[in-house]
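A.B. asks: okay, here's the prediction I keep looking at, along with the sequence it came from:
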Amino acid sequence: LGRGQVHTGWVQLGPDSLLVDNRINYRIGLRDRIDVLLVRDEQATVSFLDESHFLARALDPTLKGEPSGSPIRPEVVLTDDLAAENLAGVTAVYLLNVRSLDATALKKLRRYVDEGGNVLILPGDRVRPENYTRLVSPDVPGALIPVRLTGPVGDVSTRESSWKVLPVDFKHPFLEKFRPLGPPLFERITVFQFHGIEVPGDSRVQVLAKLVPDRNASGEYPFMVTAGLGKGHVILFACPGTTSWGDFPAAKVFVPLMHELVYKLSGGVTRLESHLAGPQVRLDFPDVDHPVMVSVTFPGPTVKQFTSRRDRTGNYVLIDDVWTPGIYPYRMTGGKTGSDAFVVNPDPAEADVARTSKAEFESHFPQGQLHVVASTDELEATLARIERGTPLTSALFLVVIAVAVAELFVANRTRPVESDEGEVK
């Protein structure tokens, strides 16, 4: 598969007792090149202590582009050189534990994001909230993201308390690819110290993941937040991309998360894409301002027309009723032209043969009577019992007869007496 090409297909297994999950459809694509800029204050004497060490190798293992197969080209620069950098064509700028930015660099970054660029901020021990008010603030005009840093939480020197990461919104485009894997992939991240992030209640900022108590800790805090700015995006993490405050870069999710964020921000395709069968599939057009008309060929084939919409999450189109697994080619006109395809597969959780407890069933059906059976014979017996109804027990039958007799006796005792003149007394 060459750079810039897209290929679709499927892998088929032999027949077994559950045919629905024997075939997986895939879409593979690679962009020609995605340039990103990693900004840090200084170069560390020991390489693995450098702020860019883990991130640079996560984005491109060889740091040369070839033969790693990664289309992402990270370039590491010093904070003092940022103002002189040409950001044209750069997909994302990472600020790695940068102490502060001067007015020239900040103005340049603001214009870069307004025009469609993207900034990711990973603060660490060098960052002081009072030095970040022009960069991160809900009150200062020109700030990149309207949130407030409240200072470090936790103490990495003692490691007595720890937090783990819990994703909040798997429906967001930045995290949707991780939905089949679920929260456990993120929960393996352990953080001992982080920057508190305060998100105003009426803010356009979205919290994508949060920190929840793990050991000897209390309180929940944002871990990953994002907001649109002009045509671009800003993403703020609560901790650095090093192991100084936790094991974030050592977690299994770090490499795929950093790649997925860059792919999404670039508007290109990921290396392997798949959607779960369901009511809707979302296609994003992050660099397009005008409506995009999309003509989708459903399996069958049936052709349906859709038009994109725009809100604070971006320009996107929702494809309805994608319950059938398969390959869905589509053509685009309007704000974007060309052809592409997306693929749909069944949810792998549906093929999970693990036994489900009665308590779990009851949690999904809180109202009404729930019957749980373990075999077809038990099912037939249960259905027959429901059709017959519940028979009265002997004791209950005697109570009903006693009530009826008592009612007759009372009625006879209280019957009105009629006089000779026909008057009722």
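C.D. replies: Cool, got the structure. Just so you know, these numbers come straight off a predicted model, no measurement behind them. Numbering: from 1, shown residues only.

A.B. asks: so which bits of stretch 277-287 are buried?
C.D. replies: By neighbour count on 16 or more other C-beta atoms under 10 Å, the buried set for stretch 277-287 is 277, 281, 282, 283, 284, 285, 286, 287. For every residue, glycine as well, the C-beta is placed using N, CA and C.

A.B. asks: now it: mean pLDDT?
C.D. replies: The average pLDDT for stretch 277-287 rounds to 87.

A.B. asks: now do that stretch: everything it contacts.
C.D. replies: By C-beta atoms under 8 Å, 6 or more residues apart in numbering, the residues outside stretch 277-287 that reach it are 116, 173, 176, 231, 233, 264-265, 267, 275, 292, 294, 308, 314-325, 328, 330, 335-336, 342, 344-347.

A.B. asks: just the buried residues of these.
C.D. replies: In the contacts of stretch 277-287, the ones that pass as buried (16+ other C-beta under 10 Å) are 116, 173, 176, 231, 233, 264-265, 267, 275, 292, 294, 308, 314-317, 319, 322, 325, 328, 330, 335-336, 342, 344-346.

A.B. asks: keep only those of the residues you listed that are in strands.
C.D. replies: 233, 275, 292, 294, 314-317, 319, 322, 328, 330, 342, 344-345 (DSSP state E).

A.B. asks: so which of these comes closest to residue 408?
C.D. replies: Among these, residue 322 lies closest to residue 408 (C-beta to C-beta), at 67.7 Å.

A.B. asks: model confidence score at that closest one, please.
C.D. replies: Reported pLDDT for residue 322: 94.

A.B. asks: cool, the one 4 residues further on as well?
C.D. replies: On the pLDDT scale, residue 326 is placed at 92.

A.B. asks: tell me the bridge partners for it.
C.D. replies: Counting by DSSP bridges, residue 326 forms beta bridges with residue 344.

A.B. asks: what's it in contact with, if anything?
C.D. replies: 25, 298, 299, 343, 344.

A.B. asks: wait, residue 187 sits on residue 164?
C.D. replies: Yes: Residue 187 is within contact range of residue 164, at 4.9 Å (criterion: C-beta atoms under 8 Å).

A.B. asks: which of those two has more residues huddled nearby?
C.D. replies: The neighbour count for residue 187 versus residue 164, taken as other C-beta atoms under 10 Å, is higher for residue 164 (20 against 16).

A.B. asks: show me what contacts the more buried one?
C.D. replies: 186, 187, 188, 189, 190, 191, 211, 212, 214.

A.B. asks: just give the number of residues close to the fourth one.
C.D. replies: A count of nearby residues for residue 189, using other C-beta under 10 Å, gives 25.

A.B. asks: that one and residue 243 touch, don't they?
C.D. replies: No: using C-beta under 8 Å as the test, residue 189 is too far from residue 243 to be in contact (11.4 Å).
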